[in-house]
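Trainee: any chance you could fold what I've pasted below:
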Amino acid sequence: MARSGSNRLVLTAVLALAGLFVAANIIHSLLQSDYWIFQAWRFTPLWYLLVWGAVTIASSILVWCYHDRVLSALGTTRVHLALLIGLIGTIAIFHYDSFVFGDGNLRVAQIAQSDTLIISPWEYGSVALVAGLFKLLNMFGLAANTAGVWAWRLYSFGCSALAIWGALRFAQACTKDAAHRVLVTAVVVFTGPFLMLCGYIGVEPVIVPTVIWFSVAAYRLSEKRTIASLGLLWGTVALGMVMTISSAFLLPAAVGITVASLLRSRKNWLIGGLCGLATMAVAFLFLYYRTEQSMALARLLVLPNGKLPLTAYTLVSWQNIIDKALVFFAVIPIGIAILVLLFRRLAAPSDRIFAMTAILALIGGRLTHVALDPTFDIVLDLPRLTAYLTPFGVAFAFYLDRRAKDGMITPRTMALIAVLTVLLPLAGAPIFTKIKIVDPLAEAMALRHDYYYRTTALAFRDAYFYDRDLNRANAWEQSLPIRSPDFLNMRGCYDLAAGGRNRDALVSLYRLVGRQPYWAEPRALLATLQLKLGQADMARPHVDTCLMLDPYNVIHMQNHYRYFQTLGNFDTALTLADDAGRLYPRDTDIATDIMIIALQAGQTARADSLASGMLASDTTHAYPHLIRGRIAEKNGQYDSAVVAYRRFLRYAPPGNPDIEIIGKRLEALRTMQHPAEGH
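Mentor: Numbering: from 1, shown residues only. Presented below is the predicted three-dimensional model:
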């Protein structure tokens, strides 16, 4: 009786949530509510919704009425192969047709449009691997941007293959029943991470196979403690953290199962769980402690007290909770059924250990998911956030299999849950993978929240330009000065600075920095202008903040050494300029600055050598002639100095502030050479 009641409870929960998912989308779409996920259906093609609805209903009825035949067919190799081909086909249908989602445009630029690749240690493994793929594709003659896009796609689909392989191995470890293996694999793949398997451009796809292979190792370790299983578990965590540091959310689960596997106590799963929770609490507190010292880290997270300009968007604010809950609801619509399955005691000690590990991973992923701040608005960031929901699929699949084995849910119910788990999330898949479908939804969201308009518009502009859809690309670019006050103000500041109205530009820049404190570009221009005006003490805070936000940006590094140059501390300035030169060896501005600072520091021979080297490659460089003129004048070689200064004036671009200074110096030298003419 109890088992029958449990089956009815699970079935009721699943059907109720499936109905709620459909009803909520329809009702809120008609009402045009402000909840973005429910607006998605308004922009999804009607034909797709009709086809999706028909397939979902027909599949559910088929499984419910003929579950015996369906489960029997799932046990054959031929059907396994057909389902694998179907999965690959589904991924092909819903593949990302652009890099507009997440920070895909910035990822492509990072690889394809930078002379020097500077890799953050937080994601070193992923970016280094993609950079290697980019160089390989470049060798075959692909254009830089095309090679950059395909390098990221190869990386992403490679992660997808590893994830599917891991899901199959996890299913093999969980159950010997061939039909159940298919259902377990389907639940793992489609409960949470499916959007990550479709060629997403970014580092996050690696999180999916990391979680799944971690689960394979954890399951083996829960069954039997071996060095191989322990090595696979910690090796997976370590490799995942090398690829992206956000994989560290698995550390508490790794600690928990390691402790549990080493203990002989009957409560080892409980002790391991408590150790894991303690690790999680320490890690979470340490993470937010570090945000107080690192603006680069703080920019990535939702802070407890919020941050400008969205000070109300805090870690525990209603809006953040709703946004992240809607992400969960979009990709795991029957996820509450997981809780129904969780609150049941597991008999086998090994099952309790693995369940504890899965729950720790689930909590860690959910906390990370809630803590991450959207790069763009939540619509474009949804696929990126789904990577951290992968542990839900593992936990759901495990409990589903165990409840089917102990008879608390029937094979028919298990099959129905698997079908709904696969099909319900596909309702919103087109709008989160296809650029032309998400375009109007993202635009509507960006217009309501102009804080995101600049980054959203630039992402769409870059993606459309790459796809050669120039009309939409130009439309988004032309909308920037009209609809994005931040973009308009920033462009106005550049125009004021170009016109010599530096103090007027500073007033606007201070306002912009106050509104967007984590945007480095206004701070960089502000520091540049203050250094030009000789206000080094006022420039220093912005120089330091830019280095905290983006330490390897070439402009930020230039402002850093120019600050010390302005103070007259030429030795320090030269050391910092040399560091920048090693990172950007082909940057002529940095090479010119090194040459000038070397002369100011009294290293005349080095300055002369650098000037000769630059002129050997291009005689039209202006500043090497100026340096040679200074050195010649210092050595009393006035004729050579005059020749060098004249060449500087010939090649210096109009508006260069040194033109007037050198012109006066040239007149003074002529007067010295011909005093009668000067008199």
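Trainee: where in this structure is pLDDT low?
Mentor: Along the chain, the parts satisfying pLDDT under 70 run over 1-7, 9-10, 13, 17, 21, 24-38, 335-344, 376, 673-679.
Trainee: again, only this time at 50
Mentor: 1-2, 678-679 (pLDDT under 50).
Trainee: quick one, phi/psi of residue 118?
Mentor: phi -110, psi 120 (degrees, to the nearest 10).
Trainee: swap that for residue 267, sorry
Mentor: Backbone torsions of residue 267, given as degrees, to the nearest 10, read phi -100, psi 20.
Trainee: do residue 248 as well
Mentor: The phi/psi pair for residue 248 (degrees, to the nearest 10) is phi -60, psi -10.
Trainee: go ahead and confirm residue 593 touches residue 578.
Mentor: No. Counting by Cβ atoms under 8 Å, residue 593 stays clear of residue 578, with 10.2 Å between them. For every residue, glycine as well, the C-beta is placed using N, CA and C.
Trainee: the two: who's more crowded?
Mentor: For residue 593 versus residue 578, neighbours defined as other Cβ atoms under 10 Å are more numerous around residue 593 (22 against 14).
Trainee: check which helix or strand covers the closest residue to that one other than its chain neighbours.
Mentor: Once flanking residues are discounted, residue 593 sits nearest to residue 577: 5.4 Å by Cβ to Cβ, 6 or more residues apart in numbering. Following DSSP states H and E, one finds residue 577 within helix 570-583.
Trainee: just the buried positions in that helix, please.
Mentor: 570, 572-574, 576-577, 580-581 (16 or more other Cβ atoms under 10 Å).
Trainee: list the helices and strands that helix packs on?
Mentor: helix 554-567, helix 588-600 (3 or more Cβ pairs under 8 Å, 6 or more residues apart in numbering; DSSP states H and E).
Trainee: can I get those in CSV with distance to residue 194?
Mentor: Listed next are the helices and strands packed on helix 570-583 as CSV, based on distance: least, Cβ to Cβ, whole Å:
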stretch, distance to residue 194
helix 554-567, 39
helix 588-600, 46
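Trainee: what about the helices in the stretch 351-500 of the chain?
Mentor: 378-386, 390-405, 411-423, 435-448, 453-466, 470-483, 485-498 (DSSP state H, counting those that start in this stretch).
Trainee: do the stretch 151-300 of the chain as well
Mentor: 178-190, 207-223, 227-243, 251-262, 268-291, 295-298.
Trainee: repeat that for the stretch 1-150 of the chain.
Mentor: 2-31, 36-43, 46-65, 67-73, 77-93, 104-112, 124-139, 144-174.
Trainee: out of those helices, which is closest to residue 246?
Mentor: Between residue 246 and the helices of the stretch 1-150 of the chain, the shortest gap by Cβ to Cβ is with helix 124-139, which sits at 10.5 Å.
Trainee: now for that closest one, which elements pack on it?
Mentor: Using 3+ Cβ pairs under 8 Å, 6+ apart, helix 124-139 sits against helix 104-112, helix 144-174, helix 227-243.
Trainee: what sits against residue 239?
Mentor: 125, 210 (Cβ atoms under 8 Å, 6 or more residues apart in numbering).
Trainee: er, residue 331 actually
Mentor: If you count contacts by Cβ under 8 Å, 6+ apart, then residue 331 has 191-192, 194-195, 382, 386, 389, 425, 428 around it.
Trainee: give me the distance between residue 400 and residue 256.
Mentor: For residue 400, the distance to residue 256 equals 22 Å [Cβ to Cβ, to the nearest Å].
Trainee: again with residue 60
Mentor: Taking Cβ to Cβ, one finds residue 60 at 37 Å from residue 256.
Trainee: more neighbours: these two, which one.
Mentor: residue 256 (28 against 17).
Trainee: excluding its backbone neighbours, what's nearest the more buried one?
Mentor: With Cβ to Cβ, 6+ apart, the residue lying closest to residue 256 is residue 276, at 2.9 Å.
Trainee: give me the neighbour count for the residue nearest to residue 290 when sequence neighbours are not counted.
Mentor: Distances taken as Cβ to Cβ, 6+ apart place residue 297 nearest to residue 290, at 5.6 Å, with adjacent residues excluded. Residue 297: 16 surrounding residues under other Cβ under 10 Å.
Trainee: OK, contacts around residue 297?
Mentor: Counting by Cβ under 8 Å, 6+ apart, residue 297 touches 287, 290-291.
Trainee: thinking again about what came up before, list the contacts of the residue nearest to residue 593.
Mentor: Residues near residue 577 by Cβ under 8 Å, 6+ apart: 561, 590, 593-594, 597.
Trainee: of the residues you listed - the most surrounded one?
Mentor: In these, the most neighbours by other Cβ under 10 Å go to residue 561, 26 neighbours.
Trainee: what distance do you get for the closest residue to that residue other than its chain neighbours to residue 555?
Mentor: With sequence-adjacent residues excluded and distances taken as Cβ to Cβ, 6+ apart, residue 561 is closest to residue 576, at 3.8 Å. With distances taken as Cβ to Cβ, residue 576 is found 14 Å from residue 555.
Trainee: ditto for residue 375
Mentor: Relative to residue 555, and taking Cβ to Cβ, residue 375 is found at 21 Å.
Trainee: between these two, which one's more packed in?
Mentor: residue 375 (20 against 16).
Trainee: contacts only, for that one.
Mentor: Per Cβ under 8 Å, 6+ apart, neighbours of residue 375: 102-103, 381, 384, 455.
Trainee: how about a cut-off of 6 Å?
Mentor: 103, 381 (Cβ atoms under 6 Å, 6 or more residues apart in numbering).
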